[in-house]
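# okay, here's the prediction I keep looking at, along with the sequence it came from:
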Amino acid sequence: MTPLSTLRRIGAPLASAAATAILFTGALWMQHARSAWPFAPPRDAVAPLSGSAMPTATASTHDRVAVNVNAATVQELGIRLEVVGRQSLTQEARAVATIVPDESRISHVHTRVAGWVEQLDVNTTGEMVAVGQSLARIFSQELLSSQAEYLAARRNTAASGISSAVIASGRTRLTVLGMAPDEIDAIEQSGEPRRLVTVVAPRSGVVVNRGVTAGTSVDPSTTLLTIADLSRVWVLAEVPEANIPGIRVGTLARLDFPASGRQSFTARVDFVYPTLTDRTRTLRVRFSAANAGGSLRPGLYGTAAFESAGQVVITVPRDAVVDTGLQQHVFVASGDRFEPRAVTLGVQLADRVEVRSGLNEGERIVAAGVFLLDSESRLRATGGAGGHNHGAPTKPQDTPATPATNPHAGDDKAPVAPAVDPHAGHRPASANAPADKE
């Protein structure tokens, strides 16, 4: 096959494809010049990109306006007025309270030498112990050797008849290692060292934790027992974050623990913790309460009610304030005119709220029924028809007009007789036409 024939065979399809592409492009260009590209929406249906020509929905920004209501309507709607005045804003806060042991009355029992617990005299958590009571008996090689050295020094001193400072230092060493004075006196009288040394209770109280059992190896870092004196306990109250400003050291609170069987009692805040609890967002405060009878058991839950008298400020009922989310306002009455006025609020209680600005003493405000006035005020501000004709019926706009009365309406009810053809007698019947012709 020659190169010329090959070129002819390849060039024919290429020329045909090029011609087709040129024709298709020309047709599309003519279509674009006349109207638009194929499959494109009509030009008048495409929204303009310019912000000035694009239709937008504008939210209503109308405010409230004053409303005139006569005395009879005020009474019918149940609107109650109140004179603005000042009063002491007494704030009451309730908090969850828990009884815990007094940390200053907790003792941890340790040994001062290494050894083994051969006998445990108190082995039950919750058991009552008295100060000086035997808790455990410890065997210690170090303590046994120190006793033998002390007794040997005493014998040598007695044989020579000269008192020595060695005896005094030996007795001090035994005291430092944990032996009681009566135990040292006992070994001096017997002349024999004690194999087991007694560990006694440092205070009276309740065993709240037991860390060892008989046969346990111990050293000075081992906690044998934990004893808590519950004759006086702490009460911890979790104050909500919103009530923190009224709580300080010395604030009175009424504590109530129904499960204890004890009457509620009053206590003062002894300590306010410097930080808040992250999980509950509460401030912990502490009370100290006497517990001679033991009815206030650690872990018991109750309530703490705080009452703090605030400053003398202007207050209004909570129902008198309309909160739109952006601002708060009340309706001030002046005769039959009720005017909405923006106010700045302060401390909010269950039934009263402090007004820091916007009202003066002696003014009258709507204390009850403010919802109806606010609805009417907002409706009139937006230009609603109902706000201008309060209580008057409005004529429907789409009611069809009543048709005019026909003076001859009575005649239409009679049956209409068929019209008489004046040529009926002169027109021969088609059936008799042939007979007459004859």
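Everything's here; your move. Numbers count the residues shown, from 1 in each chain.

# pull up the gap between G78 and A368, please.
7 Å (CB to CB, to the nearest Å). Placement of C-beta: from N, CA and C, glycine included.

# quick one, which of these two is more surrounded?
Here G78 and A368 are set side by side on neighbour count (other CB atoms under 10 Å), and the busier one is A368, at 14 against 9.

# look up the closest residue to that one, ignoring the ones flanking it.
R80 (3.9 Å; CB to CB, 6 or more residues apart in numbering).

# strands along the stretch 51-200 of the chain, start to end?
Ranges of strands in the stretch 51-200 of the chain, per DSSP state E, counting those that start in this stretch, are 67-68, 80-83, 85-101, 106-109, 115-120, 128-129, 134-139, 196-200.

# same for the last one, what does it pack against?
So that's strand 196-200. Applying 3 or more CB pairs under 8 Å, 6 or more residues apart in numbering; DSSP states H and E, we find strand 196-200 packed against strand 134-139.

# mind listing what's buried along the strand it packs on?
Within strand 134-139, the residues that count as buried by 16 or more other CB atoms under 10 Å are L135, A136, R137, I138, F139.

# paired strands for it, with orientation please.
strand 115-120 (antiparallel), strand 196-200 (antiparallel) (DSSP bridges).

# got the contact list for the closest residue to E127 other than its chain neighbours?
Leaving out its chain neighbours, the residue that sits closest to E127 by CB to CB, 6+ apart is V207, at 4.9 Å. Neighbouring residues of V207 by CB atoms under 8 Å, 6 or more residues apart in numbering: V122, T124, T125, G126, E127, M128, V129, L225, T226, I227.

# next: T213.
By CB under 8 Å, 6+ apart, the neighbours of T213 are V117, L120, N123.

# measure it to V113 for me?
From T213 over to V113 (counting by CB to CB), the distance is 19 Å.

# Q87 now?
Counting by CB to CB, the gap from Q87 to V113 is 69 Å.

# E307 is in what secondary structure piece?
strand 301-317 (DSSP states H and E).

# V272 now?
strand 271-277.

# who are the packing partners of that strand?
For strand 271-277, the packing partners by 3+ CB pairs under 8 Å, 6+ apart come out as strand 282-290.

# now the strand it packs on: buried residues?
T282, L283, R284, V285, R286, F287, S288, A289.

# can you check stretch 201-218 too?
For stretch 201-218, by 16+ other CB under 10 Å, it's A201, S204, G205, V206, V207, R210, V212, V218.

# is it true that G346 touches Q311?
No: G346 is not in contact with Q311 according to CB atoms under 8 Å; the separation is 9.8 Å.

# neighbour-wise, which of these two wins?
Legend: neighbour count by other CB under 10 Å for G346 and Q311, higher for G346 (16 against 10).

# so the closest residue to that one other than its chain neighbours versus T266, what's the distance?
Leaving out its chain neighbours, the residue that sits closest to G346 by CB to CB, 6+ apart is E354, at 3.4 Å. Distance of E354 to T266, given as CB to CB: 27 Å.

# can you check E192 too?
From E192 to T266 the distance is 60 Å (CB to CB).

# could you do R248 as well?
From R248 to T266 the distance is 16 Å (CB to CB).

# could you export the strands paired with strand 134-139 as JSON lines, including mean pLDDT?
Formatted as JSON lines, these follow (pLDDT from 0 to 100):
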{"stretch": "strand 115-120", "mean pLDDT": "94"}
{"stretch": "strand 196-200", "mean pLDDT": "90"}
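
# for A71, give me its contacts.
Contacts of A71 (CB under 8 Å, 6+ apart): D336.

# do the same with A305
Contacts were defined as CB under 8 Å, 6+ apart; by that measure A305 touches E92, A93, R94, A253, R254, D256.

# of those residues, buried ones?
A93, R94, A253, D256.

# local confidence estimate at the residue nearest to the last one when sequence neighbours are not counted?
Residue nearest to D256 in three dimensions, not counting chain neighbours: S264, with 3.9 Å by CB to CB, 6+ apart. For S264, the model assigns a pLDDT of 93.

# do A433 as well
For A433, pLDDT reads 41.

# and what of R427?
On the pLDDT scale, R427 gets 46.

# now the one 10 residues further on
Model confidence at K437, given as pLDDT, is 40.

# do you know how far the closest residue to R254 other than its chain neighbours is from T266?
Spatial nearest neighbour of R254, excluding adjacent residues (CB to CB, 6+ apart): A305 at 4.7 Å. With distances taken as CB to CB, A305 is found 10 Å from T266.

# any common contacting residues for the two?
Residues touching both A305 and T266 (CB under 8 Å, 6+ apart) are A253, R254.

# and Q91, how far is that from T266?
In terms of CB to CB, Q91 sits 17 Å off from T266.

# of these two, who's got more company?
Counted by other CB under 10 Å, Q91 and T266 do not tie: Q91 has more neighbours, with 20 against 10.

# pLDDT score assigned to the more buried one?
The per-residue pLDDT of Q91 was computed as 71.

# can you pull out the helices in this protein?
For the chain, the helices defined by DSSP state H occupy 3-34, 71-77, 141-160, 165-176, 181-190, 370-381, 385-388, 433-437.

# most neighbours per residue, which of the ones you listed?
Mean neighbours per residue, mean count of other CB atoms under 10 Å, is largest over the helices of the chain for helix 370-381, with a mean of 19.

# just checking, what packs against it?
strand 67-68, strand 322-323, strand 328-334, strand 337-348, helix 385-388.

# worst average pLDDT in these?
Lowest mean pLDDT of those: helix 385-388, a mean of 47.

# so what sits opposite H329 in the bridge?
Here H329, judged by DSSP bridges, has bridge partners V322, A342.

# I meant to write A136 there.
L120, V199.

# so it touches G115, yeah?
No: the pair A136 / G115 is not scored as a contact, 10.4 Å apart, by CB under 8 Å.

# so which bits of the strand holding V272 are buried?
Quick answer for strand 271-277 (16+ other CB under 10 Å): V272.

# and the contacts of that strand?
E238, E241, I247, R248, V249, T282, L283, R284, V285, R286.

# out of the contacts of T213, which end up buried?
Buried, going by 16+ other CB under 10 Å: V117, L120, out of those.
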